[in-house]
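Undergrad: Just the structure for this:
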Amino acid sequence: MFEGIPGSGKTTTAQLLNNYLKEVGVNTKVYVEGSEHPIDLPFYAYLTKNEYDDLLTRFPQQEEWIQQNSIIEDDYVLLPYKVPEPKPWNDELIEYLSSKELCYSNTATVPFNIYKKVFCTRFEQYVTRMFNTDTVTIFESVLFQHQIHDINRMYPQITEDEIIEYIRNLAMIISPLNPVLFYISQDSVEESLKHTAIVRSKPKWSSPKTIEYYIRRKSLELRAVKSLPFGSYVMDNTDRNWNKMFDDIKNILLIANSRML
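TA: Numbers count the residues shown, from 1 in each chain. Below is the predicted model of the structure:
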């Protein structure tokens, strides 16, 4: 798993590792930010069973698509609405599902205890599916960034200690898969964000308010790193020497793999 504030190099390093492992004959799968993710839930609607049944009645032309793409649990249903797109397309359906968005919303659609339950279940199911496979999965932003950012936005009343406890619970669930987490860090959050704002043409990322937020978030994430029940490493890449950092990552993984054998 790769974590760090925006622009720290998570996506680049995750893809580098994926390419390297494939070259040496390791079966890998990489997941960066976006939809169709085995653990993360971007652009998923949360529905009660009654809401789900009502949805099938309201949109009979999309019934087959809804049934094929729904994740049905004991007392709720999750339904993606951007990838794959509804067939046939229906603006009213999209508007309704977006109003039930679980994560990518400015306000919470479910209480925090339900939000936690959904993700704990998601992690548990992933561990069950992957436990006896030989696939090495590479995740970017799955444990810290999306969780913390979404909680801060939708549940501002939740304390940092509560967030860390929740993240540790997710980490405990995924521990049987022998995970390793790399936190990519530069000394100055301000310099890192200003660099990223230029590279990605997003000037708002270098605003004082944004910088202040990510300074706080990075502090929380570094606390969370120390709480994890598995190997976690803060990779100092202030000089942006990607080759050196990647060599360090490969050495850590070689040592970790030799200990498991």
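Undergrad: center of this structure, which residue is that?
TA: Centroid-nearest residue in the chain: Val142, 2.3 Å away (criterion: C-alpha atoms, centre = their mean).
Undergrad: was I right about that one contacting Val30?
TA: No. Look at Val142 against Val30 with C-beta atoms under 8 Å: they stay out of range, at 11.4 Å. C-beta coordinates here come from the backbone N, C-alpha and C atoms, glycine included.
Undergrad: Got the confidence number for His37?
TA: pLDDT recorded at His37 is 87.
Undergrad: Counting neighbours, what do you get for the closest residue in space to it that isn't next to it in sequence?
TA: With sequence-adjacent residues excluded and distances taken as C-beta to C-beta, 6 or more residues apart in numbering, His37 is closest to Tyr31, at 5.4 Å. Here the number of neighbours of Tyr31 (other C-beta atoms under 10 Å) works out to 18.
Undergrad: Now do the buried residues in the helix or strand hosting Lys22.
TA: Using DSSP states H and E, Lys22 falls within helix 10-23. Within helix 10-23, the residues that qualify as buried are 10-14, 16-18, 21, counting by 16 or more other C-beta atoms under 10 Å.
Undergrad: what's the closest of the residues you listed to Pro88?
TA: The nearest member of those to Pro88, counting by C-beta to C-beta, is Thr11 at 33.7 Å.
Undergrad: Identify the residue spatially nearest to that closest one, adjacent ones excluded.
TA: Residue nearest to Thr11 in three dimensions, not counting chain neighbours: Val32, with 5.1 Å by C-beta to C-beta, 6+ apart.
Undergrad: thought that neighbour was touching Gln15?
TA: Yes. Here Val32 reaches Gln15: they are 7.4 Å apart, a contact under C-beta under 8 Å.
Undergrad: quick one: pLDDT of the residue lying closest to Val180 once chain neighbours are set aside?
TA: Once flanking residues are discounted, Val180 sits nearest to Gly231: 4.6 Å by C-beta to C-beta, 6+ apart. According to the prediction, Gly231 has pLDDT 95.
Undergrad: Then Ser258?
TA: For Ser258, the predicted pLDDT is 62.
Undergrad: what does stretch 145-164 rub up against?
TA: When contacts are defined by C-beta atoms under 8 Å, 6 or more residues apart in numbering, stretch 145-164 is touched by residues 3-6, 10, 33, 40, 42, 103-108, 112, 115, 119, 166-167, 170, 217, 220-221, 223-224, 227.
Undergrad: and if we set it to 6 Å?
TA: For stretch 145-164, the external contacting residues (C-beta atoms under 6 Å, 6 or more residues apart in numbering) are 40, 103, 108, 112, 220, 224, 227.
Undergrad: Which positions in it come out as buried?
TA: For stretch 145-164, by 16+ other C-beta under 10 Å, it's 145-152, 154-155, 158, 163-164.
Undergrad: From those, pick the one nearest Asn241.
TA: Gln145 (22.9 Å).
Undergrad: How much space separates the closest one from Asn257?
TA: Going from Gln145 to Asn257 by C-beta to C-beta, to the nearest Å gives 26 Å.
Undergrad: got it, and Ile39?
TA: Separation of Ile39 from Asn257 (C-beta to C-beta): 22 Å.
Undergrad: Comparing these two, which shows the higher neighbour count?
TA: Neighbour totals were compared for Ile39 and Asn257, and Ile39 leads with 18 against 13 (other C-beta under 10 Å).
Undergrad: I'd say that one and Tyr126 touch.
TA: Yes. Applying C-beta atoms under 6 Å as the test, Ile39 and Tyr126 come out as touching, 5.3 Å apart.
Undergrad: Mind putting the contacts of stretch 145-164 into CSV with neighbour count and pLDDT?
TA: Output for the contacts of stretch 145-164, formatted as CSV (neighbours: other C-beta atoms under 10 Å; pLDDT from 0 to 100):
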residue, neighbour count, pLDDT
Asp40, 23, 91
Cys103, 22, 93
Ala108, 19, 96
Phe112, 15, 98
Leu220, 17, 97
Ala224, 25, 97
Ser227, 12, 95
